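Engineer: using only what follows, build the 3D model:
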Amino acid sequence: MIQVRKAKDRGHANHGWLDTRHTFSFADYHDPRYMGFSALRVINEDRVAPGGGFPTHPHRDMEIITYVLEGALEHQDSLGTGSVIRPGEVQRMSAGQGIRHSEFNHSKNEPVHFLQIWILPNVQGVRPSYEQKRIELHGALRLVASPDGANGSVTIHQDARVYAARLNGGDISHALAPGRRAWLHVARGTAKLNGTTLHVGDGASIEGEASLRLAADGAAEVLLFDLP
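Structural biologist: Take a look at the predicted model:
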């Protein structure tokens, strides 16, 4: 069964420096029907104005993945990590026992557009850690986050696998093991999931499907979450 979550139905807030859309309940946006899906708790699509950003704030017991679509995002944290995340890179921060961090648009002239993803960990109180890797997307589903760091992915504390793909025509497939669920998020363009058309910003929950087929007539970018 595939159920579509339309982009226009997401939570939305515009704070001037931040234009943000929430697939699931977050901050002042609350919808009891969308509190997350399996271990996936948050998909926020954020656009931060030049010079703007999130001042230092705390997190704990959450796997946080940042995926930049356009621009550059500057990160600082209480581990002493300082980095800039750009398109083609994925960042993972395991908050564990507790971590403080800030995120700012690295540019004074151009906005930054990114997805911030929260995944509930399957173990609490781990030592906080940070990881950032470059990814290459060439039309196939690329594993970008996993519990074992397979295929150069960042490592998360959960039995979940996050894939990303850039499509430019053609199709790709993914098999779901028995009992697994999935969520698809369309980051750019338009894609078809088992024949169902999804536009940019749309999401879809997937249950009871053994095989997934993703197709696009033009350019599209998608994230697929394979979940327990």
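
Engineer: any idea how far stretch 7-21 is from the chain center?
Structural biologist: 16 Å (CA atoms, centre = their mean, to the nearest Å).

Engineer: kindly report the same for stretch 103-115.
Structural biologist: 17 Å.

Engineer: ends of it, what's the gap?
Structural biologist: Distance between the two ends of stretch 103-115: 13 Å, counting by CA to CA, to the nearest Å.

Engineer: list the contacts of it.
Structural biologist: Identification of contacts with stretch 103-115 by CB atoms under 8 Å, 6 or more residues apart in numbering yields 43-54, 66-75, 84-85, 185, 187, 223. Every residue, glycine included, has its C-beta placed from N, CA and C.

Engineer: please narrow these to those residing in strands.
Structural biologist: Here DSSP state E is the test, and the contacts of stretch 103-115 give 43-48, 53-54, 66-70, 73-75, 84-85, 185, 187, 223 as lying in strands.

Engineer: ok, of these, which come out buried?
Structural biologist: 43-48, 53-54, 66-68, 73-75, 85, 185, 187, 223 (16 or more other CB atoms under 10 Å).

Engineer: the most centrally placed residue in the chain: what secondary structure?
Structural biologist: Per CA atoms, centre = their mean, the C-alpha nearest to the average position across the chain is that of Ile117, at 4.0 Å. Going by DSSP: H, G, I helix; E, B strand; the rest coil, the secondary structure assigned to Ile117 is strand.

Engineer: got a pLDDT number for it?
Structural biologist: Per-residue pLDDT puts Ile117 at 98.

Engineer: please name the residues that touch the residue lying closest to it once chain neighbours are set aside.
Structural biologist: Nearest non-adjacent residue to Ile117, counting by CB to CB, 6 or more residues apart in numbering: Ile65, 4.2 Å away. Listed by CB under 8 Å, 6+ apart, the contact partners of Ile65 are 90-92, 116-119, 144-145, 154, 156, 162.
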